[in-house]
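[1] Fold the following and give me the result.
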Amino acid sequence: MMRAIRLHETGGPEKLVWEEVPIPSPKPGEALVRHEAVGLNFIDIYFRTGLYKAPQMPATLGMEAAGVVEAVGNGVTDLQVGDRVAYAMGPIGAYAEARAIRADLLVKLPDDVPSQTAAAMMLQGLTAQYLLRRTYVVKPGETILVHAAAGGVGLILVQWAKALGATVIGTVSTEEKAALARSHGADHVILASEDLATRVGEITRGSRLPVVYDSVGRDTWTASLDCLAPLGLMVSYGNASGPVTGVDLGVLSAKGSLYVTRPTLATYAAKRADLVAMADDLFDVVRSGKVRINVNQTYALQDAAEAHRALEGRKTTGSTVLLP
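    Modelled structure (predicted):
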């Protein structure tokens, strides 16, 4: 037997229950991974509250983790017992001491990438990779906007975009977070209390931006559109303040023939070859020192409810890891 955090009904953090469950056996094409660290992400809250529907109840939340392969099922040839691995793709189920998962969702970890670092960066880092390198290919000399610049994905985006030669504007909610964003390379930081479009206009001298990366959602949607230059791209990749609904396509026309996308990691990494290439790119930029992964909070896995409260209350910075 092992222990896991399970959700029997949607609701608040108190719905997360620490309980004993059987250790799964890997089916054909699967591997059993003993977790050493589990990543905490806003998508976990979406599943807990019911914004995203869990495939079944009771559900074990969690999208990413790192650990060691303990067993492999029939047909698995590129992994063996003892391999250090990590993952950041569904289905949910990472809030557990171990899990059986499809082997083709696992990537091998370089020896110099610790498990806590891997668990903190897989989902957030792979998200940053596709946002900067595929959704919109950031080029040297461009100025971009990153919302929630002191968060897990935000800090990676800021550092990686700087490494690509961009000028980065970040938004944050507090002066403390502004200092953190600046320390990771943000050239300009805008507080939530300031008028976003006005400040972007001042910084860009009226030319505005080719792209906005927005994980906040509803609260920043309109202001973000006002920051874009004609033919600019609005990348809405999160719902921290609630989902964006009722989009008026006429507004996109009026504001300069704007583009909008709502991308997901599942789409960009659906092919095994793409997942491996994205992970290699991420590992390279982290190992080079161009991107630092900040594990600023750790919690015991059994205290996942407390971690959820901190994340929802915007009391966290960088990445948070749950330790089985």
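
[2] any idea how far the closest residue to Ala88 other than its chain neighbours lies from Ile190?
    Using C-beta to C-beta, 6 or more residues apart in numbering and skipping the chain neighbours, the partner closest in space to Ala88 is Met122 (3.6 Å). Just so you know, the C-beta spots here come from the backbone N, C-alpha and C atoms, and that holds for glycine as well. With distances taken as C-beta to C-beta, to the nearest Å, Met122 is found 29 Å from Ile190.

[3] Backbone dihedrals for Val260, please?
    phi -140, psi 140 (degrees, to the nearest 10).

[4] List the contacts of it.
    233-234, 236, 247, 252 (C-beta atoms under 8 Å, 6 or more residues apart in numbering).

[5] could you check the distance from the residue nearest to the spatial centre of the chain over to Thr316?
    Compute the mean C-alpha point of the chain, and by C-alpha atoms, centre = their mean the closest residue is Gln124, 3.0 Å away. Separation of Gln124 from Thr316 (C-beta to C-beta) stands at 12 Å.

[6] Kindly report the same for Tyr130.
    From Tyr130 across to Thr316, the span is 23 Å (C-beta to C-beta).

[7] out of the two, which sits in the busier spot?
    Tyr130 (20 against 17; other C-beta atoms under 10 Å).

[8] Now do the contacts for Gly185.
    By C-beta under 8 Å, 6+ apart, the neighbours of Gly185 are 158-159, 161-162, 168.

[9] Then Pro210?
    136, 142-144, 228-229, 232-233.

[10] export these to CSV and tack on secondary structure?
    Shown next, in CSV, are the contacts of Pro210 (DSSP: H, G, I helix; E, B strand; the rest coil):
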residue, secondary structure
Tyr136, coil
Glu142, coil
Thr143, strand
Ile144, strand
Leu228, strand
Ala229, strand
Gly232, strand
Leu233, strand
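
[11] could you pull out the helices for the stretch 1-150 of the chain?
    42-49, 115-130 (DSSP state H, counting those that start in this stretch).

[12] next one: the longest one to chain centre, how far?
    So that's helix 115-130. The chain centre lies 7 Å from the centre of helix 115-130; the measure is C-alpha atoms, centre = their mean, to the nearest Å.

[13] now swap in stretch 270-282 and tell me
    When distances are taken as C-alpha atoms, centre = their mean, stretch 270-282 is centred 15 Å away from the chain's centroid.

[14] Just the C-alphas of that stretch, formatted as PDB.
    Extracted C-alpha coordinates of stretch 270-282, given in PDB (Å, rounded to 0.1, in the frame of the first residue of the first chain):
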ATOM      1  CA  ALA A 270       1.200  15.300 -28.200                       C
ATOM      2  CA  LYS A 271       3.800  13.700 -30.400                       C
ATOM      3  CA  ARG A 272       6.600  11.900 -28.500                       C
ATOM      4  CA  ALA A 273       9.300  13.500 -30.700                       C
ATOM      5  CA  ASP A 274       8.000  16.900 -29.900                       C
ATOM      6  CA  LEU A 275       7.900  16.200 -26.100                       C
ATOM      7  CA  VAL A 276      11.500  14.900 -26.200                       C
ATOM      8  CA  ALA A 277      12.700  17.900 -28.200                       C
ATOM      9  CA  MET A 278      11.000  20.400 -25.900                       C
ATOM     10  CA  ALA A 279      12.400  18.700 -22.800                       C
ATOM     11  CA  ASP A 280      15.900  18.700 -24.300                       C
ATOM     12  CA  ASP A 281      15.500  22.500 -25.000                       C
ATOM     13  CA  LEU A 282      14.400  23.100 -21.500                       C
END
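
[15] Now do that stretch: everything it contacts.
    Contacts for stretch 270-282 (C-beta under 8 Å, 6+ apart): 89, 104-105, 107, 121-122, 125-126, 128-130, 133, 268-269.

[16] ok, now with 6 Å
    Contact with stretch 270-282 is made by 104, 107, 125-126, 129, 269, as judged by C-beta atoms under 6 Å, 6 or more residues apart in numbering.
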